[in-house]
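> structural data only, the sequence is not supplied:
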């Protein structure tokens with residue numbers, strides 16, 4: 001479809017759009033709500049991100065943990081398609097509040113994890129996650145654009161700054177959640193023995209059926225203690241959204257408010273017909289693949305296989321800490337070095353790590369290398385999370401719900417594919433696939449940058 005046809009469906013892609021939102025007059029209110037949003041997501045994902053890192057190790061019988069993660073992100077794909085309609089019906093704040101409750105239910109289902117409890121809870125979480133992230137992206141981008149208007153600053157600069165602050169808080173959830181799991185599992189460390197004879201790292205294959213077999217299961221009372229902490233964290237997150245976050249209307253043309261349900265449901269699909277969105281799809285998928293790899297395969301085949309589940313949290317703290325700090329720094333320096341430089345940094349960092357992990361045989365004698373790999377992978381992830389979200393906000397300021405729904409949809413597809421084939425492919429094959437996808441993604445991203453800078457005059461200034 002030509003750009004003119006897409007414009008007719010979705011409105012003009014001009015950066016200067018008509019706002020239907022109430023612009024708060026005081027700068028302090030923007031920072032207050034940005035802080036509330038950031039802290040709420042920190043509490044919620046302190047529970048979920050850490051539990052996700054542990055699923056493949058805690059619930060490894062019959063692949064239940066990885067199956068539940070695959071179901072979550074498969075359901076998320078569907079929920080992203082209907083997210084704009086849900087947000088238009090409930091509003092940004094109430095969408096986030098209800099969605100966070102689905103995460104609380106998933107945590108509770110882990111108390112008695114079976115296919116009959118965990119899989120339905122995973123479906124529910126997946127249907128909540130799409131609207132959650134679409135509404136978060138729309139809320140943050142709207143606030144940033146409105147803030148830029150009252151401070152007379154560049155929209156892209158403020159969007160990057162707000163994303164940097166939010167993602168610093170959000171990625172720190174890896175630190176807090178993994179610290180909790182490490183301290184709690186440390187008491188259970190005596191139950192684990194060194195994995196003699198296991199093939200760990202890139203050569204770990206499901207057919208060998210040996211990863212983690214030498215570890216005794218975690219004691220139920222220890223697991224329940226951890227889940228109780230995570231459950232409380234999720235409840236606090238929901239309360240912060242309910243009590244401290246102000247309502248905010250997304251920026252859009254007045255006509256969108258009167259659109260029929262069918263058009264709202266199709267808005268996500270329609271936006272794919274724009275080259276700006278279509279060419280970014282592989283990078284969005286990769287951003288899900290790389291997160292799924294570090295959470296599912298690196299934790300299971302490198303850390304748990306070599307040391308035991310009690311070390312997962314400690315190593316992943318390095319990942320979360322670097323991710324959080326890098327997110328804040330990247331959000332600040334983008335206006336000086338440009339997003340292209342940052343995308344290249346992320347690509348070369350993770351490509352280099354893929355090569356290292358293909359060649360390296362994990363050993364307890366090189367414990368520091370586990371932490372270094374996790375930290376550098378966190379740097380790469382910070383690039384994808386800050387820059388893709390900011391770029392989507394810049395390119396589609398007037399179509400935020402379908403734009404961020406697309407982003408989370410394709411990212412979820414990356415998660416789903418990774419978790420789905422995790423029980424069938426060797427780790428080295430997964431690394432080769434991730435590397436090939438990353439190279440392809442960067443080539444297509446480069447095409448977007450070239451077109452908006454040299455061909456599409458509407459974006460000559462960004």
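Done, it's in. What you are looking at is a predicted structure, and each value in this text was computed from that prediction instead of being measured. Numbering: from 1, shown residues only.
> look through the protein and tell me its longest helix.
Longest among the helix segments of the chain by residue count, using DSSP state H, is helix 115-151.
> residues near residue 278, how many?
When counting by other C-beta atoms under 10 Å, one arrives at 14 neighbours for residue 278. C-betas here are computed from N, CA, C, even on glycine.
> circling back to that earlier point, buried stuff in the helix or strand that the longest helix of the chain is followed by?
Next helix or strand after helix 115-151 toward the C-terminus (DSSP states H and E): helix 155-186. Residues 155-182, 184-185 are the ones in helix 155-186 that count as buried (16 or more other C-beta atoms under 10 Å).
> by contact count, what packs against helix 155-186?
Packing partners of helix 155-186 (3 or more C-beta pairs under 8 Å, 6 or more residues apart in numbering; DSSP states H and E): helix 27-58, helix 115-151, helix 220-244, helix 312-337, helix 367-395.
> off-centre distance for the helix or strand following the fourth one?
This points to helix 312-337. Using DSSP H and E, the helix or strand that follows helix 312-337 in sequence is helix 339-359. Here helix 339-359 is found 18 Å from its chain centre; the criterion is C-alpha atoms, centre = their mean, to the nearest Å.
> who does helix 339-359 touch, helix- and strand-wise?
Going by 3+ C-beta pairs under 8 Å, 6+ apart, helix 339-359 lies up against helix 312-337, helix 367-395, helix 427-454.
> burial of residue 372, as a residue count?
By other C-beta under 10 Å, the residues close to residue 372 number 15.
> now swap in residue 424 and tell me
Number of residues near residue 424 (other C-beta under 10 Å) recorded here: 11.
> could you verify that it is part of a helix?
No: assignment of residue 424 by DSSP: H, G, I helix; E, B strand; the rest coil gives coil, placing it outside any helix.
> wait, doesn't it sit right on residue 206?
Yes: the criterion here is C-beta atoms under 8 Å, and residue 424 meets it with residue 206 at 5.9 Å.
> can you give me the mean pLDDT across stretch 232-240?
Mean pLDDT, stretch 232-240: 97.
> buried residues in it?
Residues of stretch 232-240 classed as buried: 233-238, 240 (neighbour count, 16+ other C-beta under 10 Å).
> mind putting those in CSV, distance to residue 400 included?
As requested, those are exported to CSV (distance: C-beta to C-beta, whole Å):
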residue, distance to residue 400
233, 28
234, 26
235, 28
236, 27
237, 22
238, 23
240, 22
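> about what we covered before: between the longest helix of the chain and helix 27-58, how big is the angle?
Put simply, helix 115-151 runs at 160 degrees to helix 27-58, going by axes from the mean of the first three to the mean of the last three C-alpha atoms, to 10 degrees.
> which strands or helices does helix 115-151 pack on?
By 3+ C-beta pairs under 8 Å, 6+ apart, helix 115-151 packs against helix 27-58, helix 64-90, helix 92-109, helix 155-186, helix 367-395, helix 400-421.
> so which of the ones you listed is nearest residue 267?
With C-beta to C-beta, the closest approach to residue 267 among the helices and strands packed on helix 115-151 belongs to helix 400-421: 4.1 Å.
> tell me which residues in that closest one are buried?
Neighbour counts using 16+ other C-beta under 10 Å place 400-420 of helix 400-421 among the buried residues.
> on that earlier part again, return the member of the buried residues of stretch 232-240 nearest to residue 222.
Distance ranking of those against residue 222, using C-beta to C-beta, places residue 233 first at 17.3 Å.
> could you find the closest non-adjacent residue to residue 426?
Nearest residue to residue 426 in three dimensions, chain neighbours excluded: residue 205, at 3.9 Å (C-beta to C-beta, 6 or more residues apart in numbering).
> what's the separation between the one you found and residue 369?
Residue 205 is 22 Å from residue 369, where distance means C-beta to C-beta, to the nearest Å.
> and for residue 346?
21 Å.
> higher neighbour count, those two?
It is residue 346, of residue 346 and residue 369, that has more neighbours when counted by other C-beta under 10 Å, with 27 against 14.
> coming back round to it: ok, the buried residues of stretch 232-240 vs residue 247, which is closest?
For these, the residue nearest residue 247 by C-beta to C-beta is residue 240; the value is 14.6 Å.
> how many residues are close by residue 28?
8.
> and it, how far is that from residue 246?
12 Å.
> for residue 267, same thing?
On the measure of C-beta to C-beta, residue 267 and residue 246 end up 25 Å apart.
> when the two are compared, which one has more neighbours?
A count of neighbours by other C-beta under 10 Å puts residue 267 above the other of residue 267 and residue 246, at 24 against 15.
> my guess is that one meets residue 84, correct?
Yes: at 5.1 Å, residue 267 and residue 84 qualify as touching, with contact defined as C-beta under 8 Å.
> common neighbours of these two, please.
Both residue 267 and residue 84 are in contact with 401-402, where contact means C-beta atoms under 8 Å, 6 or more residues apart in numbering.
> tell me the one of the buried residues of stretch 232-240 nearest residue 294?
Nearest to residue 294 among these is residue 233, at 21.1 Å by C-beta to C-beta.
> who's in contact with the closest one?
Contacts for residue 233 (C-beta under 8 Å, 6+ apart) come out as 43-44, 46-47, 177.
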